[in-house]
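K.L.:
coordinates for the following, if possible.
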Amino acid sequence: KRLREAYGKDWKSAALSFCAAIWDAHGYIYY
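P.N.:
Take a look at the predicted model:
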């Protein structure tokens with residue numbers, strides 16, 4: 001259970017940074 005919890009948090013963090021990177025590129029391209 002502990003491992004899965006840590007993995008879940010890691011996934012959330014990775015998804016967040018991935019979204020931030022896409023948002024950044026999107027803003028750079030359009031503005």
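K.L.:
which regions of the chain lie under the pLDDT threshold?
P.N.:
1, 3, 6-7, 31 (pLDDT under 70).
K.L.:
that one: helices as residue ranges?
P.N.:
With DSSP state H as the criterion, the chain has helices at 2-30.
K.L.:
from residue 18, how far off is residue 28?
P.N.:
16 Å (CB to CB, to the nearest Å). Using the backbone N, CA and C atoms, a C-beta is placed for each residue, glycine as well.
K.L.:
do the same with residue 9
P.N.:
For residue 9 relative to residue 18 (CB to CB), the value is 15 Å.
K.L.:
also residue 27?
P.N.:
From residue 27 over to residue 18 (counting by CB to CB), the distance is 15 Å.
K.L.:
for residue 29, same thing?
P.N.:
Taking CB to CB, one finds residue 29 at 17 Å from residue 18.
K.L.:
mind listing what residue 24 touches?
P.N.:
Shown in contact with residue 24 (CB atoms under 8 Å, 6 or more residues apart in numbering): no residues.
K.L.:
what's the spacing between it and residue 8?
P.N.:
To residue 8, residue 24 is 25 Å away according to CB to CB.
K.L.:
can you check residue 30 too?
P.N.:
33 Å.
K.L.:
which one's more surrounded, those two?
P.N.:
residue 8 (10 against 6; other CB atoms under 10 Å).
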